[in-house]
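**Q** got a predicted model here, sequence first, then my questions.
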Amino acid sequence: MTHLIRLEAWFAAHRYILEQHGQVTFMLSPPDMDNPSAHLLVALSKDSDVELLLWESGDAEFNRGPFTASVFEHVELESPEELRDLLTRFLDTVIASNVCDSADGKNI
């Protein structure tokens, strides 16, 4: 099983939860590319999102936060367990982002 197939299965299992927190976009590149990829984006508000770009090679970009102060992280996945851990962090970030009120940064 490939990284992209694992991501697609994880997305199918977690789509409902993600959609409860924001506008969700999931796209796969054409499979005949040299290094196919997937893009998962959860727009949490008009100025904050959580994003994952994953290539079949195992390279990934995990970006999160408000547009003015986003955190960008490059990850090189070497195993299914590392992908699982990254997806857990992705989901935790989406859920935690909705606990904070964007207007004043205080927990609601």
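**A** Sure thing, it's come through. Everything numeric in this text was worked out from a predicted model, so none of it was measured.
**Q** list the beta-bridge partners for the closest residue to Ser70 other than its chain neighbours.
**A** The spatial neighbour of Ser70 that comes closest, neighbours along the chain excluded (Cβ to Cβ, 6 or more residues apart in numbering), is Asn63 at 5.7 Å. Bear in mind the C-beta positions are built from the backbone N, C-alpha and C, glycine included. Per DSSP bridges, the residues bridged to Asn63 are Glu51, Phe72.
**Q** what's the burial count for Asn63?
**A** 15 (other Cβ atoms under 10 Å).
**Q** the one 10 residues further on too?
**A** Residues contacting Glu73 under the criterion other Cβ under 10 Å number 11.
**Q** quick one: residues contacting the closest residue to it other than its chain neighbours.
**A** Of all residues not flanking Glu73 in the chain, Phe62 sits nearest, at 4.6 Å (Cβ to Cβ, 6+ apart). Applying Cβ atoms under 8 Å, 6 or more residues apart in numbering to Phe62 gives the contacts Glu51, Leu52, Phe72, Glu73, Val75, Leu86, Arg89, Phe90.
**Q** I'm done for today, thanks for sticking with me.
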